[in-house]
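Student: The amino acid sequence is not available; the structure is as follows:
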């Protein structure tokens, strides 16, 4: 990749059976007692007398109108069951009715307490709960591939752990046309209902890509033609003063900890937001402002 002029520094270098005693008796434990738990028959509890455990129900419950409508409208999302407090189909929100037209799933009309028993306490469900299967995750190549010279934006998060923040970043990324949000496989939240609610449907709009090694992923993005721009409050130049044409990978650090050293070293330049009166912004707010600036500059 051609080096560009920027306010930050240039690209860094890439750096069996239990044994028995004679006579066929099991070995004795302390005070002559056989080791281990007694057999079921000794407790009067045989396998035949035990009631079978019910199988665990798989899937994930999404709730709230925006996440439910987005999931129903995502052909890649397998939807299993919709529970609603509406009295009948006519009382469903029009967006839900339209989204259901392409789906063949059961709809259950139930009281509010039925939905609340399915969801975590305090869930703002708006009378809608949708049982879904998790989305199949895309690889970095699949989500971020682009044509030569094509404009593209990818958001990279360095161990951001709050699902509300990741959800809000997904929402901003979808709103400003980013290709994907990249997170670490560890030290990052799962694609839970809390994240889906914070994303307001964006979890079914933009890929959430998990990578094992973030430094290696940034190397791969560089090889794919992405100019890797990290946000840091101590950078000498603002994002507006930095060359961000072409394909850009916007890299943001974790809440409170910022960018790790290896992450910073894999970036081509460091930039800051022109913040006055506050030391920093919440990571999701910083992402939204930075994405707006990238789109504004084109």
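Tutor: Arrived safely, thanks for sending. These numbers come from a predicted model, not from an experiment.
Student: What ranges does the stretch 101-250 of the chain have for its helices?
Tutor: Secondary structure of the stretch 101-250 of the chain (DSSP state H, counting those that start in this stretch): helices at 112-118, 140-144, 163-175, 193-199, 214-223.
Student: Any idea how many residues pack against residue 78?
Tutor: For residue 78, the neighbour count with other C-beta atoms under 10 Å is 15. C-beta: built from backbone N, CA, C; applies to glycine.
Student: pretty sure it contacts residue 130?
Tutor: No - assessed by C-beta atoms under 8 Å, residue 78 is found out of contact with residue 130, at 11.0 Å.
Student: What pLDDT does the model give the closest residue to residue 250 other than its chain neighbours?
Tutor: Nearest non-adjacent residue to residue 250, counting by C-beta to C-beta, 6 or more residues apart in numbering: residue 155, 5.2 Å away. On pLDDT, residue 155 comes in at 98.
Student: do the same with residue 257
Tutor: So residue 257 comes in at 79 (pLDDT).
Student: Residue 6 too?
Tutor: With respect to pLDDT, residue 6 has a value of 41.
Student: Point out where the stretch 51-200 of the chain drops to low pLDDT.
Tutor: The model of the stretch 51-200 of the chain has pLDDT under 70 over residues 51-58.
Student: Tell me where it has strands.
Tutor: 60-63, 79-84, 107-109, 128-132, 152-158, 180-184 (DSSP state E, counting those that start in this stretch).
Student: how far off strand 152-158 does the last one point, in degrees?
Tutor: Interaxial angle of strand 180-184 relative to strand 152-158 (axes from the mean of the first three to the mean of the last three C-alpha atoms, to 10 degrees): 20 degrees.
Student: quick check: angle from strand 180-184 to helix 163-175?
Tutor: 150 degrees.
Student: Next: the second one.
Tutor: With the same axes, to 10 degrees applied, the angle from strand 79-84 to helix 163-175 works out at 110 degrees.
Student: quick one: contacts of strand 79-84?
Tutor: Contact with strand 79-84 is made by 59, 68, 71-72, 92, 96, 100, 103, 105-110, 114-115, 118, 127-133, as judged by C-beta atoms under 8 Å, 6 or more residues apart in numbering.
Student: ok, of those, which come out buried?
Tutor: 68, 71-72, 92, 96, 100, 107, 115, 127-132 (16 or more other C-beta atoms under 10 Å).
Student: Once you drop chain neighbours, what's closest to residue 239?
Tutor: Distances taken as C-beta to C-beta, 6+ apart put residue 271 closest to residue 239, at 4.3 Å, once the chain neighbours are dropped.
Student: Sheet-wise, list the partners of whichever strand or helix holds that neighbour with their directions.
Tutor: Here residue 271 sits within strand 269-271, counting by DSSP states H and E. Strand pairing for strand 269-271, using DSSP bridges, gives strand 227-231 (parallel).
Student: quick one: buried residues of the partner strand?
Tutor: In strand 227-231, the ones that count as buried by 16+ other C-beta under 10 Å are 227, 228, 229, 230, 231.
Student: of those residues, closest to residue 295?
Tutor: Nearest to residue 295 out of these is residue 229 (C-beta to C-beta; 13.8 Å).
Student: Identify the bridge partners of that closest one.
Tutor: Those that pair with residue 229 in a beta bridge, by DSSP bridges, are residue 250, residue 269.
Student: ok, it - contacts?
Tutor: Applying C-beta under 8 Å, 6+ apart, the residues near residue 229 are 8, 239, 242, 244, 248-251, 267-271.
Student: nearest to residue 85, of these?
Tutor: residue 250 (40.1 Å).
Student: Cheers, nothing more for now.
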